[in-house]
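J.: Quick check, what structure comes out for this input:
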Amino acid sequence: MSIQYQTDEQGNRVAVVIPLAEWEAIQAELLGDAQLTSKDETDRREAYAELERGETLDLGRAMADW
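T.: Purely as a prediction, here's the structure:
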């Protein structure tokens, strides 16, 4: 099932219907309960290791990677 939009008589989008699995993933993300992927976990560990070594974060690189 894909994302579906409901429209009013003028064709304006007024509602959206998304698959339940996608909604649950969005809720988990917003509530901070989202599960990290293995890549997320690797990135997190790498970032903490860099901080422990006293390396600074390049915000521009971080934003580009994100």
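J.: and residue 2, how many residues sit next to it?
T.: Neighbour count for residue 2, taken as other Cβ atoms under 10 Å: 7. Every C-beta, even on glycine, is put in place using the N, C-alpha and C of the backbone.
J.: out of everything not next to it in sequence, what's closest to it?
T.: In space, not counting the residues next to it along the chain, residue 2 is nearest to residue 19; the distance is 7.8 Å by Cβ to Cβ, 6 or more residues apart in numbering.
J.: pLDDT at the one you found, what is it?
T.: pLDDT recorded at residue 19 is 90.
J.: Pull the number of nearby residues for it.
T.: One way to gauge burial is a neighbour count; for residue 19, by other Cβ under 10 Å, it gives 12.
J.: quick one: it from residue 7, how far?
T.: Relative to residue 7, residue 19 is positioned 19 Å away (criterion: Cβ to Cβ, to the nearest Å).
J.: Now do the SS call for the most far-flung residue of the chain relative to its centre.
T.: Ranked by distance from the centre of the chain (Cα atoms, centre = their mean), the top residue is residue 9, with 33.4 Å. Local secondary structure at residue 9 is given as coil here, using DSSP: H, G, I helix; E, B strand; the rest coil.
J.: try residue 16
T.: The three-state label for residue 16, taken from three-state DSSP, comes out as strand.
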